[in-house]
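# from the sequence below, what's the structure:
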Amino acid sequence: MGTFEEKLAQAEAELKQVSGELARPEIVQNHERYAELSRRFAHLRELHDLHTQLQELDADIAKLENDCRELKDEDLRQLARDELAKARAHRQGVHDRIQFKLMPPDPNDTRDVILELRAGTGGDEAALFAAEMLRMYTRFAEKMNWQVEVLHLNEIGIGGIKEGIIAIKGTHAYSHLKYERGVHRVQRVPVTESGGRIHTSTITVAVLPEADDVEVRVDEKDLRVDTFRASGAGGQHVNKTSSAIRITHLPTGLVVTCQDERSQFQNREKAMRILRAHLLQRAREQQQQEITEKRRRQVGSGERSEKIRTYNFPQDRITDHRLKENLHNLPELMKGELLPLIEKLKAWEAAQISTED
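The predicted structure follows:
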């Protein structure tokens, strides 16, 4: 059997095993273990149901293929061909869903996220779009019942941001938001444009799994910590006290700045969270190079040179360049209705892996 069939057979065997364990009295009394097994049973049962559906579709397709060959009436043959095309498309969708559920999980999928947005080409318009995207991700997080904490904002006077960093805490936050890393391009008439011409601007989004303190230990001797007076929006304390912090990690050259809080201690604490997330990402890439390369083939490397999505406001069009698909209702997306697009990207990822296998 091929890899796909082998994995399904293993899942069927595990389903029987887990079902048997759930029936044991001592497991029922162990609430933590029972909850863990119940979650696994639900996952495996869904796989079983999809597998059954796939087998039924295979039987239907075989019958329709036979009808296409054997039926004498041309009208009936055409009906069979139409039904065959629908059944094959349905089968592909079921196959992709199974493939996605069989994927080994990304070890970071259950982690919280540090999400960084930076204005790219386009000047003030890029900064305005970065601020709008930050609001979009915040609204999406709220819809998912996740918690959002602002770690750093570098604002400009007209309501835009040159840089924004937020922490998002919630169930499987990274598994949803990891598809957002890369370059986002906007096409529209800027509010500052008097001639009505459409401009193209870009922002970059980085999505980092947040590191626990125990996972990434940072030696104080590897840090250079500079303090300076905060600038920009921030209240009466701005430019009066040297509360802003800039931390340079000397071995890697990583630099993190935070100036949003009133005290050096609070700014340092936030800056260290951002630094640890970057160091965790670097360590993971170095230690698991083969896994990283495989995932890059699946969902892109996340490098900032990769354009992943275009937002065309005059035509109400969202183009995700991985899906090679145009979507509409851009105003709803900007209100945080991001989940349908993320589900499409998860299905696309499954299809990519299916093709490789």
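
# mind listing the helices for the stretch 1-150 of the chain?
Secondary structure of the stretch 1-150 of the chain (DSSP state H, counting those that start in this stretch): helices at 3-22, 25-29, 31-70, 74-102, 123-143.

# among those helices, which is nearest Q352?
Q352 lies closest, by C-beta to C-beta, to one member of those: helix 74-102, at 9.2 Å. (Glycine included, C-beta is placed from N, CA and C.)

# in that closest one, what counts as buried?
For helix 74-102, the buried set under the neighbour-count rule, 16 or more other C-beta atoms under 10 Å, comprises A80, E83, L84, A87, R91, H95, D96, R97, I98, Q99, F100, L102.

# between the residues you listed, which is closest to L117?
When the buried residues of helix 74-102 are ranked by distance to L117 (C-beta to C-beta), F100 comes first, at 27.7 Å.

# gap between that closest one and P25?
In this structure, F100 and P25 are 35 Å apart, going by C-beta to C-beta, to the nearest Å.

# pLDDT at the nearest residue to G122 once chain neighbours are set aside, what is it?
Spatial nearest neighbour of G122, chain neighbours left out: S201 (2.5 Å); criterion: C-beta to C-beta, 6 or more residues apart in numbering. We have a pLDDT of 93 for S201.

# just the mean pLDDT for the host helix or strand of E349, thanks.
For E349, the element it lies in under DSSP states H and E is helix 339-356. On average, the pLDDT along helix 339-356 is 78.

# which other residues reach that helix?
4, 93, 95-97, 99-100, 103, 140, 143-144, 176, 179, 297-299, 318, 320, 322-323, 325, 327, 333 (C-beta atoms under 8 Å, 6 or more residues apart in numbering).

# same check on stretch 268-284?
Counting by C-beta under 8 Å, 6+ apart, residues outside stretch 268-284 touching it are 108, 114, 116, 151-152, 165, 167, 208-211, 213, 215-216, 218, 225, 245-247, 249, 252, 254, 256-258, 260-261, 292.

# which parts of it are buried?
Neighbour-count burial for stretch 268-284 [16+ other C-beta under 10 Å]: 268, 270-281, 284.

# please tabulate these in CSV, including the columns pLDDT and secondary structure.
Compiled in CSV, the buried residues of stretch 268-284 are given as follows (pLDDT from 0 to 100; DSSP: H, G, I helix; E, B strand; the rest coil):
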residue, pLDDT, secondary structure
R268, 87, helix
K270, 88, helix
A271, 89, helix
M272, 88, helix
R273, 87, helix
I274, 89, helix
L275, 89, helix
R276, 85, helix
A277, 88, helix
H278, 88, helix
L279, 87, helix
L280, 81, helix
Q281, 80, helix
R284, 70, helix
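
# closest one of these to A59?
Once C-beta to C-beta is applied, the member of the buried residues of stretch 268-284 that ends up nearest A59 is R284, at 44.0 Å.

# T192 is in contact with A127, isn't it?
No - T192 lies out of contact with A127 (C-beta atoms under 8 Å); the separation is 10.9 Å.

# low-scoring stretches of the chain, by residue?
Counting by pLDDT under 70, the low-confidence segments of the chain come to 1-2, 105, 212-215, 230-242, 287-306, 353-357.

# secondary structure class for the residue nearest to E261 when sequence neighbours are not counted?
Nearest non-adjacent residue to E261, counting by C-beta to C-beta, 6+ apart: N267, 4.8 Å away. With DSSP: H, G, I helix; E, B strand; the rest coil as the basis, the three-state label of N267 is helix.

# before we move on, back to that, D58: which of the buried residues of helix 74-102 is nearest?
R91 (7.1 Å).

# excluding covalently adjacent residues, which one is nearest to the closest one?
L57 (4.4 Å).

# residues contacting that neighbour?
A87, H90, R91, V94.

# how many neighbours does L64 have?
20 (other C-beta atoms under 10 Å).

# then Y34?
16.

# my guess is it contacts I27, does it?
Yes - using C-beta under 8 Å, Y34 is in contact with I27, at 5.6 Å.

# for H249, see how far away L22 is.
48 Å.

# got the phi and psi for G336?
phi 110, psi 10 (degrees, to the nearest 10).

# nearest residue to it other than its sequence neighbours?
Per C-beta to C-beta, 6+ apart, closest to G336 is R139, 2.9 Å.

# mind checking how far that neighbour is from F313?
18 Å.

# just F140 next, same as before
With C-beta to C-beta as the criterion, F140 and F313 are 19 Å apart.

# ok, T252 next?
On the measure of C-beta to C-beta, T252 and F313 end up 39 Å apart.

# ok, I245 next?
37 Å.

# more neighbours, these two?
I245 (25 against 16).

# for the more buried one, grab phi and psi.
phi -130, psi 140.

# so for it, what's the nearest residue that isn't a sequence neighbour?
N267 (4.2 Å).

# still on that earlier bit, ok, the residue nearest to G122 - contacts?
So S201 contacts A119, G120, T121, G122, G123, E125, A126, F129, R185, V186, P190 (C-beta under 8 Å, 6+ apart).

# now swap in E46 and tell me
K101.

# follow-up on the earlier one: if I look at the residue nearest to I245, how far off is A35?
Relative to A35, and taking C-beta to C-beta, N267 is found at 39 Å.

# number of residues surrounding the nearest residue to N329 once chain neighbours are set aside?
Nearest non-adjacent residue to N329, counting by C-beta to C-beta, 6+ apart: D316, 7.0 Å away. Neighbours of D316 under the rule other C-beta under 10 Å: 12.
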